[in-house]
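# next input, structure requested:
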Amino acid sequence: MAAQGAAKAKPMTKTEIHTALAEATGLSKKEIGGVLEELGNLIGENVGKKGPGVFNLPGLLKVTVVRKPATPAKKGVPNPFKPGELMDVAAKPARNVVKVRPLKALKDMA
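This next block holds a predicted model:
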């Protein structure tokens with residue numbers, strides 16, 4: 001059997017990210033961990049119930065909260081997986097959905 005080409009690289013682990021950022025910035029791994037934890041807290045405050053619902057990490061990504069309205073229950077809906085069969089769809093309550101959108105600089109990196 002022939003080789004399928006180069007294997008994909010594995011995603012970085014948390015430790016590898018901390019190490020890479022520590023080497024690039026000159027900060028310690030512990031300080032990097034604190035920065036990332038605080039970034040997570042900051043995002044949580046901004047997309048939380050009392051926040052504006054939007055967090056923008058300049059040049060990389062935008063995190064927004066979208067309010068999805070409630071959907072009523074439906075009976076006799078065609079089943080997309082078994083043609084000719086009907087199914088019932090349960091009602092869904094209103095909910096908040098977090099969306100993360102890449103910005104131009106991040107798209108250009110890919």
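# what mean pLDDT does stretch 81-95 get?
For stretch 81-95, mean pLDDT rounds to 94.
# any idea how the protein splits into domains?
Listed domain ranges for the chain are 13-52, 53-110 (source: automatic domain parsing).
# most neighbours per residue, which of these?
domain 13-52 (a mean of 13; mean count of other C-beta atoms under 10 Å). Yep, even glycine has a C-beta here, placed from its N, CA and C like the rest.
# nearest spatial neighbour of the residue nearest the centre of the chain, skipping sequence neighbours?
Nearest to the mean C-alpha position of the chain, by C-alpha atoms, centre = their mean, lies Val100 at 5.2 Å. Excluding the flanking residues, the one nearest Val100 by C-beta to C-beta, 6 or more residues apart in numbering is Val63, at 5.2 Å.
# can you check the pLDDT for Glu45?
Reported pLDDT for Glu45: 95.
# now Asp108
93.
# quick check: it is in a helix.
Yes. Judged by DSSP: H, G, I helix; E, B strand; the rest coil, Asp108 forms part of a helix.
# what's the spacing between it and Leu57?
15 Å (C-beta to C-beta, to the nearest Å).
# before we move on, back to that, what about the residue nearest to Val100, which SS state?
strand.
# show residues contacting the helix ranked longest in the chain.
When the chain is scanned for its longest helix (criterion: DSSP state H), the result is helix 29-47. Helix 29-47 is contacted from outside by 17-19, 21-22, 25, 27, 51-55, 63-65, 98, using C-beta atoms under 8 Å, 6 or more residues apart in numbering.
# apply 10 Å and report the result again.
Residues outside helix 29-47 that contact it (C-beta atoms under 10 Å, 6 or more residues apart in numbering) are 14-15, 17-25, 27-28, 51-57, 61, 63-65, 96, 98-100.
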